[in-house]
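S.K.: After the sequence you'll find the predicted model.
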Amino acid sequence: MSKRINISTGVKWEDIVGYSRAVKIGNIIAVSGTTAIVDGKVIGENDYYVQTKTILEKIRTALIEAGADMKDVIRTRIYVKDISNWEAVGKAHCEFFGNIRPASTMVEISALVDEKMLVEIDADAYAD
């Protein structure tokens with residue numbers, strides 16, 4: 001059986017909800033739903049593009065800690081509060097994944113935990 005590695009960022013939500021930023025078992029890495037909160041503040045208020053870039057940087061950081069990188073991502077799931085902003089989200093996603101092209105889904109949702117959050121993304125990776 002492969003060793004389980006839980007990766008934490010130390011945010012309060014991890015203890016309240018009981019989750020890890022990412023979990024690595026063997027070659028598989030799952031990154032939890034990630035938002036644009038940095039140091040307790042939402043980055044890019046009212047800006048889908050900035051929030052998406054911030055989120056993908058946070059995902060990259062978690063992957064690096066797990067021994068992987070963006071090139072290892074095989075799937076992303078993108079949740080947006082207003083699907084009419086898909087192009088701004090897609091532009092940022094393409095800047096990180098344009099040549100990698102993971103399987104991806106983008107759906108509109110009614111709300112996130114904080115009303116200032118516009119986007120949440122999770123990712124799955126496979127690293128040799």
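M.R.: Cool, the structure landed. Numbers count the residues shown, from 1 in each chain.

S.K.: Can you find the helix or strand of this structure with the lowest average pLDDT?
M.R.: helix 12-13 (a mean of 82; mean pLDDT, DSSP states H and E).

S.K.: Show me what secondary structure element comes after the longest helix seen in the chain.
M.R.: In the chain, taking DSSP state H as the definition, the longest helix is helix 48-65. Next in sequence after helix 48-65, counting helices and strands by DSSP states H and E, comes strand 73-80.

S.K.: and that following strand, which strands flank it?
M.R.: Strand 73-80 pairs in its sheet with strand 103-108 (parallel), strand 119-126 (antiparallel), by DSSP bridges.

S.K.: what's the neighbour count on residue 40?
M.R.: 7 (other Cβ atoms under 10 Å). The C-beta positions use only the backbone N, C-alpha and C, and glycine is treated the same way.

S.K.: now do residue 119
M.R.: 31.

S.K.: Residue 64 now?
M.R.: Neighbours of residue 64 (other Cβ under 10 Å): 12.

S.K.: per-residue pLDDT, it?
M.R.: Listed pLDDT for residue 64 reads 97.

S.K.: Could I get the phi/psi values of residue 83?
M.R.: phi -60, psi -20 (degrees, to the nearest 10).

S.K.: For it, which non-adjacent residue is closest in space?
M.R.: Spatial nearest neighbour of residue 83, chain neighbours left out: residue 108 (3.9 Å); criterion: Cβ to Cβ, 6 or more residues apart in numbering.

S.K.: residues contacting that neighbour?
M.R.: 79-83 (Cβ atoms under 8 Å, 6 or more residues apart in numbering).

S.K.: Make a ChimeraX selection of whichever of those turn out to be buried.
M.R.: In ChimeraX, a selection of the buried entries from the contacts of residue 108 looks like this (16 or more other Cβ atoms under 10 Å):
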select :79,80,81
